[in-house]
Structure formats: C-alpha cells, structure tokens
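Colleague: Pasting the sequence and the predicted model now:
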Amino acid sequence: MGNFWTALKKNRTKIWVGAITLLLVLYLVVSVQRSFLLLGDPNLVAKGIGAAYLVLPMVGAWALIRELLFGARTEQMAKVLEAEGGLPEDTLPRTPGGRIVRAAADAEFEKYRAEAEAAPEDWRSWFRLSCAYDASGDRKRARASMRDAVKLFRSQPTAAGR
C-alpha cells in the first residue's frame, strides 16, 4: 500500500492532467452532440447556431492536443537534461509560504539569459532560461522560451529517435 501512495504522489500532476483532459473530452463530445441536434432542427436559426456551435469543440480539441503535446515534449526534454545532469538546481530561497524570493530569482535569471544569448541554437539553454523566467514569475516569457526550446529540440536529428 505504501508503494501505491508513493506512486500517487509522484504522478499527481499527470493524474490531474488526465482528469481535466477527460472532463474536457466529455464536454467536447456533448458539444458535438448538441451541435448535431441543432443542425438537424428544421429552423434555419437553429441550424446556424448548430454550425457555429460545432466550431467550439474543434477549437477545444486543437487546444487540448497542442497543450498535451507541449507538456509531453517538455517532459521529454527534462528527462534528457536530467540524464545529462543539466537541469537547473532549485536552490533559490523561499518565503514562509513557499514562493520563490523574487530578488534571488531575478539575480539567478541573468546567468541563464547570458547562457541563452551565448548559445541561441542550444535547446538546453532555452529550457533553463524558461525555468528562470518561471522562477522570476514571468509565465508568458517562460512559455515562449519553452516553445523555442521545443522547436530547437525537435529540429535535432536525434530527437526523433528518443
């Protein structure tokens, strides 16, 4: 039973992602069903609403697939970096509430920014820069840097074989 709880704690993020994905897929299926019901209605306005309503599940499915692939690729890169010993260490001081001290994160950020500027074609430097942005609280730039890292990672000939 102890192994079960350990595995549960280790994979809690994946479990939440799976649960949210399942709920979103359920919503998308119901939305498609409702749009088909509206499309089958003889009223022209209902058909228009049904056609418009059919677009929402398509956009939702596209966004879901895109985010799941982004997460999987990010995890794949993290495993490679971990195996190489290149993951940034989490040594930043934290507040009593568990948040990273912003001044320390900003000071540490400069190291990773310089690394990314020195090696702009290395996905590892962009991955670490993304982690630094995240620690500094800039989630938008963190995701943009991680997208750059994913793009560079996928362009490598050895990335397909992993």
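Modeller: Received the coordinates, thanks.

Colleague: residue nearest the centroid of this structure?
Modeller: Gly71 (4.0 Å; C-alpha atoms, centre = their mean).

Colleague: quick one, what contacts that residue?
Modeller: Counting by C-beta atoms under 8 Å, 6 or more residues apart in numbering, Gly71 touches Val17. For every residue, glycine as well, the C-beta is placed using N, CA and C.

Colleague: Could you check the pLDDT of it?
Modeller: Gly71 is assigned a pLDDT of 93 by the prediction.

Colleague: Quick check: which element contains it?
Modeller: helix 44-84 (DSSP states H and E).

Colleague: Distance from the chain centre to the helix or strand that that helix is followed by, please.
Modeller: Counting by DSSP H and E, the element after helix 44-84 in chain order, helix or strand, is helix 102-118. In this view, helix 102-118 has its centroid 22 Å away from the chain centroid, taken as C-alpha atoms, centre = their mean, to the nearest Å.

Colleague: Could you list the buried residues of helix 102-118?
Modeller: Ala105, Glu108, Phe109, Tyr112, Arg113, Glu115, Ala116 (16 or more other C-beta atoms under 10 Å).
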